[in-house]
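Enquirer: what's the 3D shape of this:
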Amino acid sequence: MEKKSLQKPIKNTRFLITVNVLGSAGPLRFVVSENDKVAVVIDTALKQYAREGRLPVLGFDVNDFFFYPASAGLDALRPSDPIGSLGVRNFILCKKQKQPLMTEGRANGIAQNGKKGWKAWLTKSFNFKIHSH
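Expert: Sure, this is the predicted structure:
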């Protein structure tokens, strides 16, 4: 007699998700596998977004985006999380705000201006004279 395998084949469930891109007219819809990583899903969304010629232009760097479940109160998903881990099908894609890099010259200028401010105030307050009539 042959032994039948008692192990069930691993099921890789596929499902339709909706991704709302902030600033865009409508949602993106596409099929993903429950084991797909969030980074792969963001990449797919960005490619579909560009292919459809949507505005504003977002770029293609997955690391420039946050990916949130549409359910209120949940934090952004990490790029390494499986997309099916929360059982959510609706998501929001947000571009991260870029902070301007502070150059050394600008940092020194700000530091010097800060010193002038309190020094000027201190000097002014010491020079305050009460005039008597």
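
Enquirer: List the contacts of C94.
Expert: For C94, the contact set (C-beta atoms under 8 Å, 6 or more residues apart in numbering) comprises L22, F65, F66, F67, Y68. Any C-beta I mention is one placed from the backbone N, CA and C, and that applies to glycine too.

Enquirer: Can you flag the buried ones in those?
Expert: Taking 16 or more other C-beta atoms under 10 Å as the criterion, what is buried in the contacts of C94 is F65, F67, Y68.

Enquirer: my guess is the last one meets L86, correct?
Expert: Okay, so that is Y68. No. Look at Y68 against L86 with C-beta atoms under 8 Å: they stay out of range, at 10.7 Å.

Enquirer: Could you say which helix or strand holds N20?
Expert: Using DSSP states H and E, the element containing N20 is strand 14-21.

Enquirer: Tell me what angle whichever helix or strand comes after that strand forms with strand 14-21.
Expert: Tracing the chain C-terminally past strand 14-21 and defining elements by DSSP H and E, one meets strand 28-33 next. Orientation note: strand 28-33 sits at an angle of 140 degrees relative to strand 14-21 (axes from the mean of the first three to the mean of the last three C-alpha atoms, to 10 degrees).

Enquirer: Can you spell out which helices and strands pack onto the helix or strand just after strand 28-33?
Expert: As assigned by DSSP H and E, the chain's next helix or strand after strand 28-33 is helix 38-51. If you count contacts as 3 or more C-beta pairs under 8 Å, 6 or more residues apart in numbering; DSSP states H and E, helix 38-51 packs onto strand 14-21, strand 28-33, strand 65-69, strand 90-95.

Enquirer: Pairing partners for the longest one, with directions?
Expert: Spelled out, it's strand 14-21. Sheet pairing for strand 14-21, assigned by DSSP bridges, gives strand 28-33 (antiparallel), strand 90-95 (parallel).
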